[in-house]
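Student: generate coordinates for the sequence data below:
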Amino acid sequence: MSSPGELVKLYGTDELLEPQQAVSLGALSFLLGQDAIRCISWKGTELARAIAWPIRDRNWVTLQPRIIDHKLDVNETDMSYSLRFTVDEGALDCVLEVVATSAGVLRADLKMMAVEDFDTNRAGFTVLHPITGVAGTPLTVIHADGSVEKGQFPRLVSPAQPVMDIAQLRHGIDGKTVDISFDGEIFEMEDQRNWSDASYKTYCRPLVFPFTYRIETGASETQTITMTFSGGREGSGATAEGTELSLCVHGGAAPGIGLAVEQDWIGSPEAALLAAQCGFNHLVARIDPGSSPAYLQSVAELAAAQGVGLDIEIVLPDEADVTGALTLQAGRLAASGIKPSRIMALRQSYLASHQPSGPWPDGPVPSDVVKALRVAFPDTLVGGGMLTNFTELNRCRPNPEICDFISHGTTAIVHAGDDVSVCQTLEALPQIFESCQAICEGRPYRLGLVSIGMRSNPYGAAVAENPDQVRQTMSMHDPRQRGLFAAAWSVGVLQATNGHGVEALCLGAPCGPFGIAYERQPVPQPFFDSEDRAIVYPVFHVLKCAAAMAGRNSLAVSGLPVGVCGYGIRGATTDDLMIANVSPEPVSVALGREGDYLVLDSSTFDEATRSPNWLDSGCRQTGSQLRLAPYAVAFVRLFNGAE
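Tutor: You can find the predicted model right below:
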């Protein structure tokens, strides 16, 4: 039997990680990469999440740069960095110059020159502001005309741009302040938590301007970002190790775990049977006029075989009569033996994103579709919301009074595809859930597919192709779905649901781009493609454990090290937990008492992927201290002393 390499185990791909250069200049520190400057901190506190320079195409996909040259000079007090790169086979030539000093100044200049006509939706700097310690706090804005506006960062997720016409921003945390000036373009801010990014983003150019736009041959554009830091006392910052683990009953029930399916995601009967061994609690099936009778039949059979409820999502053609189209689909479902537990429907145009101010599609609006659903499916719970991201729901809010439940999905790679940004989405999810609960007004809150990869692209014509299986934005086939990374990230998603009334969610599909069981795909799958037996991905075991926890008393887990997530339930005599290291560095976790545990990591990857029963057959260890390798998940059982 072959064994995969370390990168494939962790990330599902052998793509090399982009190097990050840690730079420390007195009180100023940051991570320097070839796509962004990250974790920009002053006296131990992150005041800016990133300065990035993405170049996007007409579908909002971030183009992969080709690095021509780069040079770094750094000493104890000063740094200079130059980077030259091109995109789109050399159509746009870019030169970045960055300087920083220990006095607390960081300046970045970007010059872009079109070698040939270059069409883009966005080209230039974006500045990301953190959300932890920032959401709801004061913000000073200086506009292009010199006027000063006093405001604050939104606490709940804002559907529209909270700040427009930005020349300079000023904000702070614990007495430490950053002033940020923007030159060379018109900048505005959006609340990136809409897309599960853990940031507010200041970007160019304004969305009221037409796009796609063209930089003509020979034309050049230059932009400058200057950050000036001041104030505050030196802080210790986040520590790698935490205190002792602490558990308390949260009061809510652990959410149900579903699988999402659409045409070609169920896989062969053998693969579907393998995936079903995760014990999923419900099935969410998307159908449209092109859904085949064979697909509908397989949906009915899979749900019946598991004895679980079946939720249906219907996509309607824009040109169709809503009532007639829903009546037709009701007949098709009945003929296939499908009796939905819950149902949602949207016209196709509402799978695209629209600004809060419009323009909106002509014809029936989502509330009209909800009312028509009640006629076509009189005995079924009817949902409102969106079949895409929270962004679209926040901009087109359902009427809770006519809905039995509210739903939406999420994807982690709308704006950035790197590992750090994907992991940071776990910070934003609780704030999305809180904001959606305010919209739900007490209605049950059921998430659709929550995934790293992008199911559909509301912002362009299609998702990005990813034949080389690299980390990139807006692609459906993200390689990390196959690695330990997705297993650890999924534990983080589950932790984020705690206390936010999430009744159910889907963390994968039987097969396909979001699969939990292997089946050959149109993209290469290192190691998995060479196996001669049915196997599962690491995330399978997280779903299996979470499905067994559904409906039981959930636990709030605290005292964990930075970068570690915890999720679990309280049983009659034991606390059952999943503890995940969602970082590329090993970390120790103090359990506080003796327990037994099974660890999913690189050393157990082979046996875990080759056995759907690994949680029962794997070798458990005992102790009160965990040592978790990068992206490892520990399945822990602690006796709680209950009788």
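
Student: does R66 touch V87 like I think?
Tutor: Yes. Between R66 and V87 a contact is recorded at 7.2 Å, counting by CB atoms under 8 Å. For the C-beta atoms, the positions are set from N, CA and C on the backbone; glycine is no exception.

Student: poorly predicted segments of the stretch 251-400 of the chain, please.
Tutor: Applying pLDDT under 70 to the predicted model, the stretch 251-400 of the chain contains no residue that meets it.

Student: where along it do the helices fall?
Tutor: All helices of the stretch 251-400 of the chain, identified by DSSP state H, counting those that start in this stretch, fall at 269-276, 293-306, 322-335, 366-376, 390-395.

Student: do you know which of the ones you listed lies nearest I131?
Tutor: When these are ranked by proximity to I131, the top entry is helix 390-395, at 14.4 Å, counting by CB to CB.

Student: distance between the closest one and the chain's centre?
Tutor: Chain-centre distance of helix 390-395: 15 Å, with CA atoms, centre = their mean, to the nearest Å.

Student: ok, now stretch 526-534?
Tutor: Taking mean C-alpha positions (CA atoms, centre = their mean), stretch 526-534 and its chain are 27 Å apart.

Student: what residues sit buried inside that stretch?
Tutor: Neighbour counts over stretch 526-534 (16 or more other CB atoms under 10 Å) mark 526-528, 534 as buried.

Student: which members of the residues you listed are the farthest-apart pair?
Tutor: Among the buried residues of stretch 526-534, P526 and A534 lie farthest apart (CB to CB), at 17.6 Å.

Student: need the helices of the stretch 251-400 of the chain in JSON lines (columns: distance to A504 and mean neighbour count).
Tutor: Converted to JSON lines, those look like this (distance: least, CB to CB, whole Å; neighbours: other CB atoms under 10 Å):
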{"stretch": "helix 269-276", "distance to A504": "17", "mean neighbour count": "19"}
{"stretch": "helix 293-306", "distance to A504": "14", "mean neighbour count": "18"}
{"stretch": "helix 322-335", "distance to A504": "20", "mean neighbour count": "17"}
{"stretch": "helix 366-376", "distance to A504": "19", "mean neighbour count": "18"}
{"stretch": "helix 390-395", "distance to A504": "16", "mean neighbour count": "24"}
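
Student: all strands of the stretch 451-600 of the chain, in order?
Tutor: 502-506, 553-558, 564-570, 574-581, 587-600 (DSSP state E, counting those that start in this stretch).

Student: now Q348. Nearest residue, chain neighbours left out?
Tutor: Nearest-residue entry for Q348: D318, 5.2 Å, with adjacent residues in sequence omitted and distances by CB to CB, 6 or more residues apart in numbering.

Student: now that neighbour: phi and psi?
Tutor: phi -60, psi -30 (degrees, to the nearest 10).

Student: who's in contact with it?
Tutor: 347-349, 361, 363 (CB atoms under 8 Å, 6 or more residues apart in numbering).

Student: select from those the one having the most neighbours.
Tutor: For these, the largest neighbour count, defined by other CB atoms under 10 Å, is 22 neighbours, found at R347.

Student: any idea of the mean pLDDT in stretch 149-156?
Tutor: For stretch 149-156, mean pLDDT rounds to 97.

Student: determine how far the last residue of that stretch lies from the first.
Tutor: Stretch 149-156 stretches 20 Å from its first residue to its last (CA to CA, to the nearest Å).

Student: next: stretch 215-225.
Tutor: End to end - CA to CA - stretch 215-225 spans 21 Å.

Student: buried sites along that stretch?
Tutor: Of the residues in stretch 215-225, 215, 221, 223-225 count as buried by neighbour count, 16+ other CB under 10 Å.

Student: hang on, the earlier thing: now, which of the contacts of D318 sits nearest S24?
Tutor: Within the contacts of D318, the smallest distance to S24 is 50.4 Å, found for S349 (CB to CB).

Student: ok, that closest one - contacts?
Tutor: Contacts of S349 by CB under 8 Å, 6+ apart are 318, 361, 363.

Student: excluding chain neighbours, what is closest to the second one?
Tutor: Nearest residue to P361 in three dimensions, chain neighbours excluded: S349, at 3.9 Å (CB to CB, 6+ apart).

Student: T391 too?
Tutor: Nearest to T391 is N194, by CB to CB, 6+ apart, at 3.9 Å.

Student: now do that neighbour against L429, distance only.
Tutor: 12 Å (CB to CB, to the nearest Å).

Student: cool, R374 as well?
Tutor: 31 Å.

Student: what of N389?
Tutor: Taking CB to CB as the measure, N389 falls 12 Å from L429.

Student: overlap in contacts, the two.
Tutor: Shared contacts of N389 and L429, counting by CB under 8 Å, 6+ apart, come down to 196, 410.

Student: show me where the stretch 101-250 of the chain dips below the pLDDT cut-off.
Tutor: 235-243.

Student: can you pull out the strands in it?
Tutor: Using DSSP E, counting those that start in this stretch, the strands of the stretch 101-250 of the chain run over residues 105-114, 118-120, 122-123, 126-129, 138-142, 148-152, 163-166, 168-173, 176-183, 187-191, 200-203, 213-215, 220-230, 246-253.

Student: could the ones you listed go into JSON lines alongside distance to S588?
Tutor: Below are those laid out as JSON lines (distance: least, CB to CB, whole Å):
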{"stretch": "strand 105-114", "distance to S588": "34"}
{"stretch": "strand 118-120", "distance to S588": "46"}
{"stretch": "strand 122-123", "distance to S588": "42"}
{"stretch": "strand 126-129", "distance to S588": "30"}
{"stretch": "strand 138-142", "distance to S588": "38"}
{"stretch": "strand 148-152", "distance to S588": "38"}
{"stretch": "strand 163-166", "distance to S588": "42"}
{"stretch": "strand 168-173", "distance to S588": "28"}
{"stretch": "strand 176-183", "distance to S588": "30"}
{"stretch": "strand 187-191", "distance to S588": "36"}
{"stretch": "strand 200-203", "distance to S588": "33"}
{"stretch": "strand 213-215", "distance to S588": "51"}
{"stretch": "strand 220-230", "distance to S588": "32"}
{"stretch": "strand 246-253", "distance to S588": "16"}
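
Student: quick one: closest of the ones you listed to D418.
Tutor: strand 126-129 (12.3 Å).

Student: just checking, what packs against the closest one?
Tutor: The contact analysis (3 or more CB pairs under 8 Å, 6 or more residues apart in numbering; DSSP states H and E) places strand 126-129 against strand 45-52, strand 200-203.

Student: dump those strands to TSV, plus distance to L447 and mean neighbour count.
Tutor: Output for the helices and strands packed on strand 126-129, formatted as TSV (distance: least, CB to CB, whole Å; neighbours: other CB under 10 Å):
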stretch	distance to L447	mean neighbour count
strand 45-52	25	24
strand 200-203	23	24
